[in-house]
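Q: kindly generate the corresponding structure for this input.
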Amino acid sequence: MASTAPIQRIQAPLRRTIVRAAAASRAYATIPSPSDPSPQSSAPAKSPRPTYFKDTSVAPFSEFLATSSSASPLSPSEAYSLRTAEVGPAGRKRTITRLPEWLKTPIPSPGSNPNFGKIKADLRGLNLHTVCEEARCPNIGECWGGSNKAAATATIMLMGDTCTRGCRFCSVKTSRAPPPLDPHEPENTAEALARWGLGYVVLTSVDRDDLADGGARHFAETIRRIKQKKPTLLVEALTGDFAGDLDMVKIVAESGLDVYAHNVETVEGLTPYVRDRRATFRQSLRVLEHVKKVRGKEGIITKTSIMLGLGETEEELMDALRELRKVDVDVVTFGQYMRPTKRHLKVEKYVTPDEFDLWRQRALDMGFLYCASGPLVRSSYKAGEAFIENVLRKRAGEKPPSAKGLEEALATAEFSKGTL
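A: Presented below is the predicted three-dimensional model:
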C-alpha cells in the first residue's frame with residue numbers, strides 16, 4: 001500500500017491534463033461550430049405568424065355602453081330593462097344580471113380628488129372610522145368629494161369598526177368580543193368635526209351588545225363634546241336599538257342631538273331573514289316612539305330608512321309606512337339594496353327610479369316631513385341633511401340657509417338618485 005500512493009500522486013496531474021483536452025474538443029449540439037453551414041441558408045425563411053386581431057373589426061368603446069352614446073339615446077323602457085350575461089367555463093355557464101345603468105357610480109380616487117384624500121387622511125390620523133368605508137357606500141365619492149371640506153360630509157362610525165351582530169345585508173365586520181372602546185374617541189371626533197367646519201354631521205355606531213349599556217354613554221359623551229366645541233353644529237345620531245333598553249335610548253336622546261335616526265331596514269315580514277335575530281321590527285318602533293316621548297313631538301326629528309329590492313311586497317311596504325307614522329316618525333328614506341359580497345343576501349329586484357319616485361310621493365302624502373327616495377339614497381343623505389337643517393333652524397328661530405342653497409342641494413339629490 002505504501003508503494004502505490006506515490007504512483008497515484010504522479011498520475012493525478014496526467015489525468016487532469018487528459019480531461020481538459022477532451023473538454024476542449026467536445027462539441028455541443030446547441031452551439032454550431034464555425035465550419036457548420038447556417039441552418040437559415042439551407043431552409044427557406046418562414047413568414048411571421050399572422051395575427052387575427054383587426055382594428056377595423058372592433059367597435060368604439062362607447063358602442064358597448066348604450067347610455068353613453070349620444071348618437072342613439074335609449075327610451076326609458078329600454079334603459080330600465082335589465083341585461084343578463086353568461087359567465088363561467090364551458091359546460092358550467094350560469095346567467096347573471098348586470099348592474100343597471102342607474103346604479104353605476106364612478107370609483108373614487110384620492111389622487112384625482114384632493115378633497116377625498118384630505119378627508120381620508122384626517123380620519124386615519126385621528127383613528128376614526130366611517131360607515132361610508134365599512135359599509136361600502138356607493139355615494140362615498142360624492143359625499144367626500146365636495147369642492148371643499150365644508151361642502152363634504154362623512155358619517156362617523158363610533159365604537160370601532162367591529163359589530164356584535166351579523167345582519168345578512170351588512171358588510172361591517174362582526175365579532176362576539178370586539179376590541180374595547182377608545183376613551184379618546186369622543187374628543188378626537190369632536191376635534192375632526194370642528195376642523196372641517198361642517199354645518200350638519202351624522203354619527204352612527206356598530207352594535208355593542210358586549211357592553212352593559214350598549215355604548216349609549218359613549219355615544220352621548222361624543223355628542224356633548226361636539227356641542228361644546230361647536231354649539232351651532234347640527235348633530236344626527238343613527239343608533240342601534242340597544243337591545244330594547246329604553247333607558248339607554250333616553251340617555252342618547254337627552255345628550256343634545258338634533259335628529260335621532262334608527263333604521264327599521266325592511267318590512268316586518270322580512271326582518272327575521274334580513275336583520276340579526278336580536279333585532280325586531282316592533283323593537284325598532286318602540287325605540288323611535290320613546291324618543292318622541294322623551295323630547296316631545298316638536299323637540300326632535302326622528303328618522304328611519306328602508307331598503308327596497310329584498311322581496312318586499314307593495315302591501316307590506318304600505319303597512320310599514322303606516323306603522324312608522326303611528327309613532328310620529330318624521331323622515332323616511334328609500335334606497336336600493338345592493339349586495340356587498342356573495343356571502344350576503346341576493347338582490348331580488350332592481351327597483352327603477354320611477355318606482356322610487358312613486359314611493360316618495362306616497363310617503364309625503366301620508367304626512368312624512370321629508371322623504372329621500374332613489375336607487376343610491378342611503379340613510380345618511382346629503383340633500384336630506386340640507387332639508388332637515390333648514391327645518392331645524394326655522395324651529396329654533398335662526399336664519400335658515402338660503403332657498404338657493406337648498407334648491408342646489410335638492411337638485412344634487414335628484415341627479416344622484418339616478419333619474420334618467
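Q: quick one, what contacts C167?
A: Counting by C-beta atoms under 8 Å, 6 or more residues apart in numbering, C167 touches E265, V274, R275, D276, A279. (C-beta placed from N, C-alpha, C; glycine too.)
Q: hmm, R165 is touching E265, no?
A: No: between R165 and E265 there is no contact under C-beta atoms under 8 Å: 11.8 Å.
Q: looking at these two, which one has more neighbours?
A: Between R165 and E265, counting by other C-beta atoms under 10 Å, E265 is the more crowded of the two (22 against 19).
Q: pretty sure the more buried one is touching T271, no?
A: Yes: checked against C-beta under 8 Å, the pair E265 and T271 is within contact range at 7.3 Å.
Q: give me the mean pLDDT for the host helix or strand of D354.
A: Here D354 sits within helix 353-365, counting by DSSP states H and E. The pLDDT scores in helix 353-365 average 93.
Q: then stretch 263-276?
A: Taken as a whole, stretch 263-276 has an average pLDDT of 94.
Q: what sits against K93?
A: K93 neighbours (C-beta under 8 Å, 6+ apart): E86, V87.
Q: does G335 count as helix, strand or coil?
A: Assigned by DSSP: H, G, I helix; E, B strand; the rest coil, the conformation of G335 is strand.
Q: so what's it bridging to?
A: On the basis of DSSP bridges, G335 is bridged to M307.
Q: tell me how many other residues crowd it.
A: Neighbourhood size, G335 [other C-beta under 10 Å]: 25.
Q: gap between it and V249?
A: For G335, the distance to V249 (C-beta to C-beta, to the nearest Å) stands at 24 Å.
Q: what strand or helix carries A220?
A: A220 is part of helix 216-229, with elements assigned from DSSP H and E.
Q: elements contacting the helix or strand following that helix?
A: Remark: after helix 216-229, the chain's next helix or strand is strand 234-238, criterion DSSP H and E. Under the contact definition 3 or more C-beta pairs under 8 Å, 6 or more residues apart in numbering; DSSP states H and E, strand 234-238 sits against strand 200-205, helix 216-229, strand 259-261, helix 382-395.
Q: of all these, which one is nearest P375?
A: Smallest distance to P375 across the helices and strands packed on strand 234-238 (C-beta to C-beta): 14.2 Å, for helix 382-395.
Q: now the closest one: mean pLDDT?
A: Average pLDDT, helix 382-395: 65.
Q: quick one: residues contacting the closest residue to T164 other than its chain neighbours.
A: Setting aside the residues directly before and after it, T164 is nearest to D209 in space (C-beta to C-beta, 6 or more residues apart in numbering), at 4.4 Å. Contacts for D209 (C-beta under 8 Å, 6+ apart) come out as T164, R165, A243, R278.
Q: strands of this protein, residue ranges please.
A: Ranges of strands within the chain are 84-87, 94-97, 129-130, 156-158, 162-163, 173-174, 200-205, 234-238, 259-261, 301-308, 331-336, 370-373, based on DSSP state E.
Q: among these, which is nearest V351?
A: Using C-beta to C-beta, the nearest of the strands of the chain to V351 is strand 301-308, at 4.7 Å.
Q: only C-alpha atoms, please: export that closest one in CSV.
A: Output of strand 301-308 as CSV, limited to C-alpha atoms (Å, rounded to 0.1, in the frame of the first residue of the first chain):
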residue,chain,number,x,y,z
ILE,A,301,-86.8,64.9,14.5
THR,A,302,-87.0,61.1,14.1
LYS,A,303,-85.8,59.4,11.0
THR,A,304,-85.6,55.8,9.6
SER,A,305,-84.6,54.1,6.4
ILE,A,306,-85.9,51.2,4.3
MET,A,307,-84.1,49.2,1.7
LEU,A,308,-86.0,48.1,-1.4
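Q: what's the angle from it to strand 331-336?
A: 20 degrees (axes from the mean of the first three to the mean of the last three C-alpha atoms, to 10 degrees).
Q: and strand 301-308, what does it pack onto?
A: strand 259-261, helix 281-295, helix 314-326, strand 331-336, helix 353-365, helix 382-395.
Q: could you list the buried residues of the third one?
A: When you say that, I think you mean helix 314-326. Using 16 or more other C-beta atoms under 10 Å as the test for burial, helix 314-326 gives L317, A320, L321, E323, L324.
Q: rebuild these as JSON lines, extending it with distance to L158 and pLDDT.
A: Below are those laid out as JSON lines (distance: C-beta to C-beta, whole Å; pLDDT from 0 to 100):
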{"residue": "L317", "distance to L158": "31", "pLDDT": "96"}
{"residue": "A320", "distance to L158": "27", "pLDDT": "97"}
{"residue": "L321", "distance to L158": "29", "pLDDT": "97"}
{"residue": "E323", "distance to L158": "28", "pLDDT": "97"}
{"residue": "L324", "distance to L158": "25", "pLDDT": "97"}
